[in-house]
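**Student:** here are the coordinates; sequence isn't available:
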């Protein structure tokens, strides 16, 4: 009997009963799952520099689990720790669930603890033991609330040392890091540090991010992307239907997703709105802000000629960083703010403050900012992130574009090239999707990633990321194993310093997904080809409940 | 075989197969469904004035359909028209679907047409015949896109005359108006006008609005409220989970719903966030803006003392009209803008414009507006609705409250009564829910409302609203009939003139729902009693798929 420990919804009650499907290869007794090592690997770029940073963990082989006798698996009880790092993604609790089941099935005496609140929890030595009782409340649920998360970063040798000390004090044999590119970079560095110090502990990463920018041939997608994009697609589809019912508004929808435009592309496929901006394309074509505005205004004008003064535009939040002049403006503003922090803080009037800041900018930059909608110009000049920089994530790019497109249309009106109406509504979708109840896909996938991580740990692999692939097949047929974290690393300049980091995977303009989109977008622009995916379904026909993302379908379809 | 006429989602394909459950009483042949008339009715208030306006349609009896011989039902083919009026609500297409089935089952030669784009479609004589083929694409779908809608209002005798002429020209025997309080007021007036002109046509209304403010003992809820609040609850639940996972943000979420706070109350029950503002309570307690801000700040401080610098606040969009001083400010600004429209338009600088407007306000009002967050003050002063008034719906009340609470907390910090952090994120949920795929409840309910309307028409009732009640029972047991539209009407002053209008039903502070909420909210404020309803499910256990709203459960539970 499931006990109702607190007020929970009817759907929560049912989801607690869901049993994730384990890939066949992981179903066997741990001594019948054999890790097959492939060839030595190389980093995605900058091989010699990356090797320099990872002397002990560079070049490890890819590992694939197959059915087979395995006598090397750890037999004595181990203590494994898990930590969430960075933003939430649907499926986090199922990683713990899978990890727990994987360990306990191998040996009831294996122990799993969870560090609380991200890497900060390791530094502060705050953790709790994961018990079946607690886990029973969190199976197949969204959120990271069981052990929380944080954006605390691990970068310095002092921090590596502190982590080593605390892992040793706690007698932790292995640490599983559930995170995105930055957190898994930390995982790689901790693994290297421990090897270098001759400490026998395993560090294993799990690919987590709704942004979808952590992927390669083994990591076909990160967990959470499926659920989050399904939630955004539900909402965007509803907004498309609203636009087409009242036929009087242009909806500009900004979508979360950091730098890359994967979310916008996936949601675009699922809903077929009139305009989908792709940051990577804007960069590749070196489009100015004016070009982007013209592109949208052109669709507005063409639809208006057909009597259609409504539509839907998707704006990935990262777009702002891809427009060269805006990027330049951000750099310039950050410099001005850094050099004049005290003066700026001392000016009380908004008017005076903005005058002062504009005075410090080049005339180009000053013209650019004065040409932005007033409200947005203020966001650029006045909002600060915790480091004192322009607060990128709070800049309402959708409103910026509305304002600029409006101006452009006014100009076209004067030239008698446009006679339509341009009433707009803006939206931002982000936090609504990061903690959704994981789709069956994400529930299965994150469970498998966790279960598989347990096997990597029990086989002594460190500096690896858990991978589960062939995701367009049924979960029973998924392939499992580990890839060396160093495979994904290159060297990037951050704050003027060369650093090894896991390379973000941006939208590939030569990839199948983008090409498919490029083929269709003109039709979407002019017509009302809107598709309404509706809410995620956990029950009912498999065509709905077991659906994967369009991105996966285009990029990774494999023969059944 | 369902043909895929255009790109549609997997869920759309499945929803087309859904067969709404018809109430038992409507299942019989139309000649075996007998309308039982009750006693004469009276209007909800201002009886003699309302009677003066509705000389021919006042005081009609309530009608209940029961099993029984009925020889009075119309036999020769009739032509019925349907029109959507006002904002979208999930279930609109199913009203047409039910109406169509109700008519066709009675006589295959009955005809249904749909006027396009609201009342404007009747005035412009734009319509299309509803055919099975087209309807097959729209069954159980969200949106009003099949025949569109608009906010065109029918109020003048010239309009009544034009409507009469066009209905006659089209040989329409009956008009079914799908709308909210305003549109059904128009329906009542058209019915009265036609009676007065001795024209034998039936006008029947259908209660539509996501706002939930069109209800009484017969209209237990309007269609669309169930689906829209379920969608908002999904999102608010996800945001609660996000807040509790990262534990660093206060989320302020404004919810659509016009004046009344029904949506906020229902979403509050489903998700149990920390603060839910109820406009009607603010009015009843005569709370000032400062009081509302103090109320929220108090919860922020209390949570912060427990180390919890995060939470979720629900803000109904109508709240702004309930705060006496803000209401006064809006009136004052509307006056200033009306009296000085040209001058204001001629001033180009934002700074100068706001100075000018403030100069025209009383010092009280000017102080109030200068005390608002800058961005919001600009919205009050610069944004205009199509009538030149303050654009209420675009005022970001959630940001207004964030700004004011922030100021209050800064003050408390100086007084050493608060030491927490107050990082915030704002949201507005509205358009995301108006066109969702209707829940099973709304699909059944709106189908029954439409089917039942066909019976009212075939029995010659005019000036009635279709009602379907006992909604907490299974759909088979629902009771059906009609209530006179005049029952819901009172006299209100609008733009200085006394007018008969259907009275909006606000949240009843003495009702069971509000009392239940008042009992629980303190617990919600301090704890993390968040509930995660998740997305609407159309398949699976009945506990999920057949769930009605909490509001209905509190207000209308009847013994099975």
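**Tutor:** Ah, there it is. None of these values were measured; they are calculated from a predicted model.

**Student:** need the three-state assignment for the closest residue to residue A:541 other than its chain neighbours.
**Tutor:** Excluding the flanking residues, the one nearest residue A:541 by Cβ to Cβ, 6 or more residues apart in numbering or on different chains is residue B:14, at 5.7 Å. Yep, even glycine has a C-beta here, placed from its N, CA and C like the rest. Here residue B:14 is helix, with the state taken from DSSP: H, G, I helix; E, B strand; the rest coil.

**Student:** tell me if I'm right that residue B:14 and residue B:538 touch.
**Tutor:** Yes - using Cβ atoms under 8 Å, residue B:14 is in contact with residue B:538, at 7.3 Å.

**Student:** quick one: common contacting residues for the two?
**Tutor:** Residues touching both residue B:14 and residue B:538 by Cβ atoms under 8 Å, 6 or more residues apart in numbering or on different chains: residue A:540.

**Student:** what residues does the stretch 301-450 of chain A have near chain B?
**Tutor:** Within the stretch 301-450 of chain A, the positions near chain B by Cβ under 8 Å from any Cβ of the partner chain are A:350-351, A:374-375, A:378, A:425, A:427-428, A:431-437.

**Student:** one step back: neighbour-wise, which of residue B:14 and residue B:538 wins?
**Tutor:** In this comparison of residue B:14 against residue B:538, neighbours counted by other Cβ atoms under 10 Å in any protein chain shown, the higher total goes to residue B:538 at 23 against 19.

**Student:** measure the more buried one to residue B:263 for me?
**Tutor:** Separation of residue B:538 from residue B:263 (Cβ to Cβ, to the nearest Å): 22 Å.

**Student:** please apply the same query to residue A:407.
**Tutor:** Separation of residue A:407 from residue B:263 (Cβ to Cβ): 35 Å.

**Student:** now do residue A:461
**Tutor:** 52 Å.

**Student:** what of residue A:72?
**Tutor:** 60 Å.

**Student:** of the two, which one has the most company?
**Tutor:** More crowded of residue A:72 and residue B:263, by other Cβ under 10 Å: residue B:263, with 29 against 12.

**Student:** report the secondary structure state of whichever residue of the stretch 301-450 of chain A sits closest to chain B.
**Tutor:** Closest residue of the stretch 301-450 of chain A to chain B, Cβ to the nearest Cβ: residue A:435 (3.8 Å). Here residue A:435 takes the coil state, with states given by three-state DSSP.

**Student:** show the contacting residues for it.
**Tutor:** Residue A:435 sits next to A:88, A:90, A:142-144, B:238-239, B:241-242, B:245 when contact means Cβ under 8 Å, 6+ apart.

**Student:** go again with 7 Å.
**Tutor:** By Cβ atoms under 7 Å, 6 or more residues apart in numbering or on different chains, the contact set of residue A:435 is A:88, A:90, A:142-143, B:238, B:241-242, B:245.

**Student:** for these, give me TSV that also has neighbour count, distance to residue A:395 and secondary structure.
**Tutor:** Formatted as TSV, these follow (neighbours: other Cβ atoms under 10 Å in any protein chain shown; distance: Cβ to Cβ, whole Å; DSSP: H, G, I helix; E, B strand; the rest coil):
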residue	neighbour count	distance to residue A:395	secondary structure
A:88	29	22	coil
A:90	35	26	coil
A:142	34	27	coil
A:143	29	27	coil
B:238	30	23	helix
B:241	28	26	helix
B:242	28	21	helix
B:245	24	24	helix
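
**Student:** can I get those in a markdown table including pLDDT?
**Tutor:** Formatted as a markdown table, the contacts of residue A:435 follow (pLDDT from 0 to 100):
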| residue | pLDDT |
| --- | --- |
| A:88 | 97 |
| A:90 | 98 |
| A:142 | 97 |
| A:143 | 97 |
| B:238 | 98 |
| B:241 | 98 |
| B:242 | 97 |
| B:245 | 96 |
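
**Student:** now, among those residues, which is nearest to residue A:446?
**Tutor:** For the contacts of residue A:435, the residue nearest residue A:446 by Cβ to Cβ is residue A:90; the value is 8.1 Å.

**Student:** so that closest one touches residue A:228, yeah?
**Tutor:** Yes - using Cβ atoms under 7 Å, residue A:90 is in contact with residue A:228, at 6.4 Å.

**Student:** need the residues touching each of the two.
**Tutor:** Listed as contacting both residue A:90 and residue A:228 by Cβ under 7 Å, 6+ apart are residue A:436.

**Student:** quick test: name the residue nearest the centre of chain A.
**Tutor:** The centroid of chain A falls nearest to residue A:211 when counting by Cα atoms, centre = their mean (2.5 Å).

**Student:** next, the residue lying farthest from the centre of chain A: secondary structure please.
**Tutor:** Within chain A, residue A:416 marks the point farthest from the mean C-alpha position, 44.3 Å out by Cα atoms, centre = their mean. What three-state DSSP gives for residue A:416 is coil.

**Student:** per-residue confidence at it?
**Tutor:** We have a pLDDT of 97 for residue A:416.

**Student:** and it, what are its phi and psi?
**Tutor:** For residue A:416, the backbone dihedrals (degrees, to the nearest 10) come out as phi 60, psi 30.

**Student:** so how far is residue A:406 from it?
**Tutor:** According to Cβ to Cβ, residue A:416 and residue A:406 sit 17 Å apart.

**Student:** try residue A:430
**Tutor:** 24 Å.

**Student:** ok, those two, which is more surrounded?
**Tutor:** Using other Cβ under 10 Å, the more surrounded residue of residue A:430 and residue A:406 is residue A:430, with 21 against 17.

**Student:** what residues are up against the more buried one?
**Tutor:** Remark: with contacts taken as Cβ under 7 Å, 6+ apart, residue A:430 is in contact with residue A:256.

**Student:** same check on residue A:351?
**Tutor:** Going by Cβ under 7 Å, 6+ apart, residue A:351 touches residue B:351.

**Student:** again with residue A:469
**Tutor:** Here residue A:469 is in contact with A:218, A:220, A:478-479 (Cβ under 7 Å, 6+ apart).

**Student:** of those, which are in range of chain B?
**Tutor:** Among the contacts of residue A:469, no residue is within reach of chain B (Cβ under 7 Å from any Cβ of the partner chain).

**Student:** need the max-distance pair from these.
**Tutor:** Within these, A:218 and A:478 form the most distant pair, 11.9 Å apart (Cβ to Cβ).

**Student:** for these two, indicate the residue with more neighbours.
**Tutor:** residue A:478 (24 against 19).

**Student:** tell me which residues touch the nearest residue to the more buried one once chain neighbours are set aside, please.
**Tutor:** Spatially, and ignoring its direct neighbours in sequence, residue A:478 is nearest to residue A:23 (4.0 Å; Cβ to Cβ, 6+ apart). Neighbouring residues of residue A:23 by Cβ under 7 Å, 6+ apart: A:448, A:468, A:475-476, A:478, A:480.

**Student:** next one: residue A:231
**Tutor:** By Cβ under 7 Å, 6+ apart, the contact list for residue A:231 reads A:432-433, A:436, A:536.
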